[in-house]
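A.B. asks: Model the structure of this input:
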Amino acid sequence: MCYDISFNSDILLTIDAFPTIINDLKTEFDKEALIHVEGHRLPEFYTIYTTNNTPHLTTMAWGVDPLYISDLKERLSRRAGMLNARSERILDDHKSYWYRIKDNRCLIPVTGIYEHRQITGWKNKVPYLIQLQDAKIFYIPGLYQLRDEVDTTTGEIFRSGTYTVITRPANALMGNIHNSGENKHRMPLFITTEIAQQWINPALTTTEVREILAYEIPSDNLACKTVYSIRGGKHRPDNKDKDAYWEWANLPSLGNDNPLNMVSQQSLF
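C.D. replies: Sure, this is the predicted structure:
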């Protein structure tokens, strides 16, 4: 599943890609911090959604808020399980929360996503950064949920949003990278910029939505590279950014998960 996002491109690239977009951004992010955004921390992040037939650029928090739960503490704890939405459940599982908000379509602008690969005998999984070929920025489709909240200081009511990232069965490349775990062989719904612009069109028919949800990007359209461990507090020995290439010794090629010398990996920690 997709729990790790990279964004270090200029947000102006998004504004240029959507000429009619209204910029509602009120938060300035630390660009370095956006090189790795980890979903389970429920962070705020850039999102694009359409209202009154006009796209808006704003921020929402990752992890949809399940408003059907009345207890606030339970709702917060449940959000960790609402980071991703399976594409197969959005239109066809009428009992799913995703079906309830299926028309709340949004985009998450990213420069890449991280996924982890299991190697036989190695203690730690190998992190990869996956991007679109020759693209400084691209857009992952999602669903969003708006809610009204009360400012406990002023008593004013304000509206905030949360979102989920849509995933689908992995293509050949991503299947070789995301090769273990309960949700193995899945990937974000990678789409082209043209499809992204369609996704937030409120006039989209159910048939057109289904076609986008079924879209499988060819493996050749994706670029991937190994990076240093992106989780935990340990800094890279070379002091480069988290999204810089890192060579893992004895790493086998994709499709073969046995290390080249069959020696167990030494822990990074």
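A.B. asks: which ones are touching the closest residue in space to Lys136 that isn't next to it in sequence?
C.D. replies: Excluding its sequence neighbours, the residue lying closest to Lys136 (Cβ to Cβ, 6 or more residues apart in numbering) is Ser9, at 5.0 Å. (Glycine included, C-beta is placed from N, CA and C.) By Cβ atoms under 8 Å, 6 or more residues apart in numbering, Ser9 lies in contact with Pro109, Thr111, Lys136, Ile137.
A.B. asks: Apply 7 Å and report the result again.
C.D. replies: Thr111, Lys136, Ile137 (Cβ atoms under 7 Å, 6 or more residues apart in numbering).
A.B. asks: So it, which state does it fall into?
C.D. replies: The three-state label given to Ser9 by DSSP: H, G, I helix; E, B strand; the rest coil is coil.
A.B. asks: and Phe172, how far is that from Asp103?
C.D. replies: Actually, residue 172 is Ala rather than Phe. Per Cβ to Cβ, to the nearest Å, Ala172 is found 32 Å from Asp103.
A.B. asks: ignore the last one, Pro141
C.D. replies: In terms of Cβ to Cβ, Pro141 sits 13 Å off from Asp103.
A.B. asks: what does Thr47 give?
C.D. replies: Distance from Thr47 to Asp103, by Cβ to Cβ: 16 Å.
A.B. asks: quick one on the thing from earlier: any idea how far the residue nearest to Lys136 lies from Leu173?
C.D. replies: 22 Å.
A.B. asks: about what we covered before: which of Thr47 and Asp103 has more residues huddled nearby?
C.D. replies: Shown here are Thr47 and Asp103; by other Cβ atoms under 10 Å, Thr47 has more neighbours (22 against 11).
A.B. asks: for Asn84, phi and psi?
C.D. replies: phi -130, psi 150 (degrees, to the nearest 10).
A.B. asks: and it, bridged to which residues?
C.D. replies: Per DSSP bridges, the residues bridged to Asn84 are Val165.
A.B. asks: Break down the stretch 51-200 of the chain into its strands, ranges please.
C.D. replies: 54-62, 84-86, 105-110, 112-117, 126-132, 138-150, 157-169, 186-188 (DSSP state E, counting those that start in this stretch).
A.B. asks: now, of the ones you listed, which is deepest in the fold?
C.D. replies: Across the strands of the stretch 51-200 of the chain, averaging neighbours per residue (mean count of other Cβ atoms under 10 Å) puts strand 105-110 on top, at a mean of 25.
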